[in-house]
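**Student:** turn this into a model:
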Amino acid sequence: DVTQQMLYSEQQRLDGYEAAVRHAVHRKRTFDKRVLRRAPGAVTFTTHDLVQVYRSDLDYTFRTSRKLLPKWSPPRRV
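**Tutor:** Next comes the predicted model:
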């Protein structure tokens, strides 16, 4: 009985994870479709454009001191 409950809870966890991954893929597909429809092709920057740099190294940090750091840089000129 306990083994059955453990297997059931593990299956519930796996189903939840699968649903979260499916939802994330759907959100990315929708976002990409909107971006490409608005500005098809590669994004090119010209001189004096304002850009922000994303720090992806902070995505999977486990240090508490780094979790509150901003992931986007202040605006910079190209």
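
**Student:** top helix in this protein by residue count?
**Tutor:** The longest helix of the chain (DSSP state H) is helix 2-38.

**Student:** can you show me the CA trace of the lowest-mean-pLDDT helix or strand in the chain as CSV?
**Tutor:** Taking mean pLDDT, DSSP states H and E as the measure, the helix or strand of the chain with the lowest value is helix 64-67, at a mean of 79. Only the C-alpha atoms of helix 64-67 are listed here, as CSV (Å, rounded to 0.1, in the frame of the first residue of the first chain):
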residue,chain,number,x,y,z
THR,A,64,21.9,33.6,-2.1
SER,A,65,24.1,36.7,-2.6
ARG,A,66,23.8,36.4,-6.4
LYS,A,67,20.1,35.7,-6.6
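
**Student:** returning to that earlier point: gap between the longest helix of the chain and the chain center?
**Tutor:** Offset of helix 2-38 from its chain centre (C-alpha atoms, centre = their mean, to the nearest Å): 13 Å.

**Student:** could you do stretch 60-78 as well?
**Tutor:** Relative to the centre of its chain, stretch 60-78 is centred 14 Å away, using C-alpha atoms, centre = their mean.

**Student:** now swap in stretch 40-52 and tell me
**Tutor:** Distance of stretch 40-52 from the chain centroid (C-alpha atoms, centre = their mean) equals 21 Å.

**Student:** what sits up against that stretch?
**Tutor:** Stretch 40-52 is contacted from outside by Trp72, Ser73, Pro74, Pro75, Arg76, Arg77, Val78, using C-beta atoms under 8 Å, 6 or more residues apart in numbering. Yep, even glycine has a C-beta here, placed from its N, CA and C like the rest.

**Student:** adding secondary structure, pLDDT and distance to Val35, write those out as TSV.
**Tutor:** Output for these, formatted as TSV (DSSP: H, G, I helix; E, B strand; the rest coil; pLDDT from 0 to 100; distance: C-beta to C-beta, whole Å):
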residue	secondary structure	pLDDT	distance to Val35
Trp72	strand	90	17
Ser73	coil	90	20
Pro74	coil	91	23
Pro75	coil	92	20
Arg76	strand	91	21
Arg77	strand	92	23
Val78	coil	89	19
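
**Student:** how about the least confident helix or strand of the chain: buried residues?
**Tutor:** Buried residues in helix 64-67, counted by 16 or more other C-beta atoms under 10 Å: none are found.
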